[in-house]
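> sequence and predicted structure, then a few things I'm wondering about:
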Amino acid sequence: MKKNKFKVNYIHNYYVKYNYDNSSLEKKAIDLIKVIIKNESIALGNVNIIFCNDEQILEYNKKYLSHDYFTDIVTFPYPEENYCDADILISLDSVLRNSKKFKTIFEKELCRVIIHGILHICGYNDSDTTGKLKMRKKEDIYLKYLK
């Protein structure tokens, strides 16, 4: 894919009942995305990161993927000839629950989920055990770039 400038749009359809700094997190996410697209050799166009709740993401999961279960993220890549646009829906409810479950801070878990979505755009798939392990390793690598 040909290199070009990308733009990330943050859409807040839902605010989690957790106090975090949106602007700081959004800057960290952009920095992570820059590293990922450089290392994975992918050109991004517009990426919409849509923060929603469990019910909203379940609705998308059912309607577009025929999955009747909750998830923390759903990624919709729209590949073009020289770049890829995408929508990434993230359930802040699930991210908060997972941060407690895995005993990590909310912001780090949210960055992991954003990385996960970008990896899907890069062509990674977690539909089987091998793919899940490969993506988890990549997530761990990219999380080390957090400042």
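Looks like it came in fine.
> measure the residue sitting nearest the centre point of the chain to residue 68 for me?
Geometric centre of the chain, nearest residue: residue 114, 2.5 Å, by C-alpha atoms, centre = their mean. According to C-beta to C-beta, to the nearest Å, residue 114 stands 25 Å off from residue 68. Where C-beta positions appear, they are placed from N, C-alpha and C, glycine not excepted.
> rewinding a little: got a list of contacts for the helix or strand in which the residue nearest to the centre of the chain is found?
If you go by DSSP states H and E, residue 114 is part of helix 106-121. With C-beta atoms under 8 Å, 6 or more residues apart in numbering as the test, helix 106-121 has contacts from 16, 18, 20-21, 24-25, 28-29, 32-33, 36-37, 40, 42, 44, 47, 49, 72-73, 75, 77, 84, 86, 88, 90, 92, 95-96, 98-99, 102, 126, 135, 138-139, 142-143, 146.
> where does residue 61 land on pLDDT?
Note on residue 61: pLDDT of 88.
> where's residue 78, which helix or strand?
strand 73-79.
> by contact count, what packs against that strand?
helix 54-65, strand 84-91, helix 106-121 (3 or more C-beta pairs under 8 Å, 6 or more residues apart in numbering; DSSP states H and E).
> list the contacts of it.
57, 60-61, 64-65, 84-91, 94, 113, 116-117, 120-121.
> select only the buried ones of these in ChimeraX?
In ChimeraX, this line selects whichever of the contacts of strand 73-79 come out buried by 16 or more other C-beta atoms under 10 Å:
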select :57,60,61,84,85,86,87,88,89,90,91,94,113,116,117,120,121
